[in-house]
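Trainee: Fold the following.
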Amino acid sequence: MPVFVGKLTGVLSCLGLSVTGVVPKLRSPLTRTIASGSNLPPRQFLTSGFVTIDSAEKIEEEELPSYVAEKYYPVAIGEILAARYQVVSKLGYGMSSTTWLCRDLDGHGFNTLKICVRDQRPVRELAVSDHLRNASDDHFGKRLVRLILDSFEISGPDGNHTCLVYRPLGMSFTEFQSLCPDNKLPVDMLRKGVQLVLIALAFIHENDVVHTDISANNILQGIEDTSVLRQIEEDELARPIARKILNDRQIYFSRPVPVSAGLPVLSDFGEARVSKSNQRGDIMPGIYRAPEVILDMEWDNKVDIWSIGVMAWDMATGGHLFLAKKGGTLNDEQHLAEMVSLMGPPPPEFLQRSVKSLRYWDSEGNWKGSVPIPEQSLESRAEQYHGDDKELFLSFLRRVLCWVPEARPSAEELAYDDFLMQPVRTDSLD
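Mentor: Predicted coordinates:
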């Protein structure tokens with residue numbers, strides 16, 4: 001048994017997971033325009049009997065500020081792409097793509113299909129996915145990472161579109177969190193979710209990949225019972241989703257994905273990096289940026305560990321740890337001032353790594369920014385937990401939210417944190 005898997009056996013066992021037979025074989029991604037003959041006949045979807053939205057009303061991707069209709073491929077439910085994937089239902093949309101549930105006429109199952117906007121090829125995600133696919137199957141974390149299964153090109157009326165095929169997954173942790181009381185994730189689910197994401201991170205970090213975009217938006221629920229996917233298809237066949245019909249396309253409403261109980265899966269590697277050495281450059285979503293990124297220092301995979309702490313806070317409290325805005329606009333100085341209030345002043349040797357730090361601290365490490373340090377602390381803000389839960393949660397955060405990246409634990413080390421392991425320790429005392 002590989003060293004890593006052996007060391008994680010205790011964590012996986014306490015979560016009710018096995019370390020054997022954990023990674024399904026993935027078919028190699030192919031860039032193509034047509035596939036071999038299909039084994040299953042396509043389903044016939046209704047062309048009437050649905051609610052029609054007024055053409056003047058903006059819905060779904062049309063509401064995005066940057067929306068340009070010609071950039072999006074005009075998908076039609078029931079359409080067959082690459083002679084293999086029949087579109088069943090719309091799952092979502094974004095600035096760079098729309099996402100659809102498809103029936104694999106060759107594979108007799110379901111897939112999620114992301115259709116990118118015109119002439120945008122996700123080179124980075126394809127490269128990272130291929131890199132991780134070639135990594136050893138022995139690491140449990142590989143099961144907890146969403147890789148591209150297949151890719152191909154289609155030609156639309158206004159240009160070419162890249163299509164990415166994934167295994168189908170459920171709603172994001174952000175979506176699930178919105179269904180919870182006070183928008184707060186239950187502590188048991190928080191612990192298990194964070195611990196499993198750390199195992200996924202341990203896998204990608206071991207293979208020289210930095211995600212750079214860890215957030216609840218990119219943690220998706222796994223689907224073990226595929227009957228929920230068949231139900232989506234049957235619902236579309238019997239009760240077609242509402243849509244807007246235009247001259248050159250139809251804009252469909254997305255169909256909600258049911259809550260599922262599978263393992264959480266780390267997704268969206270569009271901003272990931274593959275490198276054995278430290279890197280520079282602006283990465284990470286605004287309020288999730290690590291201090292070394294804000295200060296234009298070199299960074300490594302410890303930026304993902306920082307994001308874990310910020311994400312855990314957000315999921316636990318239903319609010320953001322950092323606001324980082326001044327006059328409604330993201331502001332580095334405000335962000336750093338908030339960090340000082342929660343973490344204390346940075347070590348002088350850390351500040352010496354960046355000329356940019358001289359804008360906010362003097363040569364002795366004293367804050368000189370125009371933004372006052374807020375009057376707050378982690379203790380005063382962590383109102384949702386009490387007693388041992390609060391003490392362990394704050395200890396977990398302090399291990400992660402520290403100025404010096406090297407002082408943060410690795411993903412593997414953090415997976416054993418007392419806060420995350422508390423249910424196991426409690427059971428062992430009973």
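
Trainee: show me the contacts for residue 393.
Mentor: 316, 382, 385, 419 (Cβ atoms under 8 Å, 6 or more residues apart in numbering). Every residue, glycine included, has its C-beta placed from N, CA and C.

Trainee: Pull out the buried members of those residues.
Mentor: Using 16 or more other Cβ atoms under 10 Å as the burial test, the contacts of residue 393 include 316, 382, 385, 419 as buried.

Trainee: just to revisit the earlier point, strands - which of the contacts of residue 393 land there?
Mentor: Among those, no residue falls in strands (DSSP state E).

Trainee: For those residues, which two are the farthest from each other?
Mentor: Across the contacts of residue 393, the longest distance by Cβ to Cβ is 11.7 Å; it joins 382 and 419.

Trainee: Next, name the residue at the spatial heart of the protein.
Mentor: Against the mean C-alpha coordinate of the chain, by Cα atoms, centre = their mean, the closest residue is residue 218 at 1.2 Å.

Trainee: where exactly do the helices run in the stretch 201-350 of the chain?
Mentor: 227-238, 291-294, 302-317, 332-343, 348-351 (DSSP state H, counting those that start in this stretch).

Trainee: Rebuild those as TSV, extending it with distance to residue 80 and mean pLDDT.
Mentor: Shown next, in TSV, are the helices of the stretch 201-350 of the chain (distance: least, Cβ to Cβ, whole Å; pLDDT from 0 to 100):
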stretch	distance to residue 80	mean pLDDT
helix 227-238	14	95
helix 291-294	44	98
helix 302-317	38	97
helix 332-343	48	98
helix 348-351	56	95
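
Trainee: now the end-to-end length of stretch 99-119.
Mentor: Using Cα to Cα, to the nearest Å, one end of stretch 99-119 lies 17 Å from the other.

Trainee: swap in stretch 276-287?
Mentor: With Cα to Cα, one end of stretch 276-287 sits 26 Å from the other.

Trainee: got a list of contacts for it?
Mentor: Contacts of stretch 276-287 (Cβ under 8 Å, 6+ apart): 208, 210, 212-213, 215, 271, 273, 289-290, 293, 296-300, 303, 307, 310, 320-324, 330, 335.

Trainee: could you redo the last one with a cut-off of 7 Å?
Mentor: 208, 212-213, 215, 271, 273, 290, 293, 298-300, 303, 307, 320, 322, 324, 330 (Cβ atoms under 7 Å, 6 or more residues apart in numbering).

Trainee: for stretch 346-353, same thing?
Mentor: 297, 357, 361, 365, 403-404.

Trainee: Now render those as CSV, adding neighbour count and pLDDT.
Mentor: Putting these into CSV (neighbours: other Cβ atoms under 10 Å; pLDDT from 0 to 100) gives the following:
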residue, neighbour count, pLDDT
297, 19, 97
357, 21, 96
361, 19, 97
365, 15, 92
403, 20, 98
404, 14, 98
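
Trainee: Among the contacts of residue 393, which are located in helices?
Mentor: In helices, defined here by DSSP state H, the members of the contacts of residue 393 are 316, 419.

Trainee: Tell me the one among the contacts of residue 393 nearest to residue 408.
Mentor: Distances from residue 408 to these, taken by Cβ to Cβ, are shortest for residue 419, at 15.1 Å.

Trainee: Quick one: the helices in the stretch 1-150 of the chain, in order.
Mentor: Under DSSP H, counting those that start in this stretch, the stretch 1-150 of the chain gives helices at 3-14, 123-133.

Trainee: between those helices, which gets the lowest average pLDDT?
Mentor: Mean pLDDT is lowest for helix 3-14 among these, at a mean of 48.

Trainee: just the helices of the stretch 201-350 of the chain: most buried one?
Mentor: The highest average neighbour count among the helices of the stretch 201-350 of the chain, using mean count of other Cβ atoms under 10 Å, belongs to helix 302-317 at a mean of 24.

Trainee: got a list of contacts for that helix?
Mentor: 173, 177, 184-185, 190, 194, 197-198, 201, 210-212, 214-216, 283-284, 288, 290, 293, 320-322, 384, 393, 397, 400-401, 405, 408-409, 411, 414.

Trainee: Could you identify the buried members of these?
Mentor: Buried among the contacts of helix 302-317 (16+ other Cβ under 10 Å): 173, 177, 184-185, 190, 194, 197-198, 201, 210-212, 214-216, 283-284, 288, 290, 293, 321-322, 384, 393, 397, 400-401, 405, 408-409, 411, 414.

Trainee: picking that back up, may I see the contacts of stretch 346-353 organised as TSV, with secondary structure and distance to residue 112 added?
Mentor: Formatted as TSV, those follow (DSSP: H, G, I helix; E, B strand; the rest coil; distance: Cβ to Cβ, whole Å):
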residue	secondary structure	distance to residue 112
297	coil	37
357	helix	43
361	strand	47
365	coil	49
403	coil	39
404	coil	39
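
Trainee: could I get those as a markdown table with distance to residue 120?
Mentor: Formatted as a markdown table, those follow (distance: Cβ to Cβ, whole Å):
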| residue | distance to residue 120 |
| --- | --- |
| 297 | 31 |
| 357 | 36 |
| 361 | 41 |
| 365 | 44 |
| 403 | 37 |
| 404 | 38 |
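
Trainee: before we move on, the earlier item: could you tell me which of the contacts of stretch 276-287 belong to strands?
Mentor: Using DSSP E, these in strands are 273, 330.

Trainee: confidence score at the residue nearest to the centre of the chain?
Mentor: 96.

Trainee: From what I see, it and residue 269 are in contact.
Mentor: No - using Cβ atoms under 7 Å, residue 218 is not in contact with residue 269; the gap is 9.0 Å.

Trainee: Model confidence for the closest residue to residue 208 other than its chain neighbours, exactly?
Mentor: The shortest distance from residue 208 to any non-neighbouring residue, by Cβ to Cβ, 6 or more residues apart in numbering, is to residue 276 (5.1 Å). At residue 276, the model reports a pLDDT of 91.

Trainee: Phi and psi next, for residue 276.
Mentor: Reported as degrees, to the nearest 10, the phi and psi values for residue 276 are phi -90, psi -10.

Trainee: Would you check how far apart it and residue 306 are?
Mentor: 20 Å (Cβ to Cβ, to the nearest Å).

Trainee: now swap in residue 360 and tell me
Mentor: 18 Å.

Trainee: now do residue 90
Mentor: Counting by Cβ to Cβ, the gap from residue 90 to residue 306 is 34 Å.
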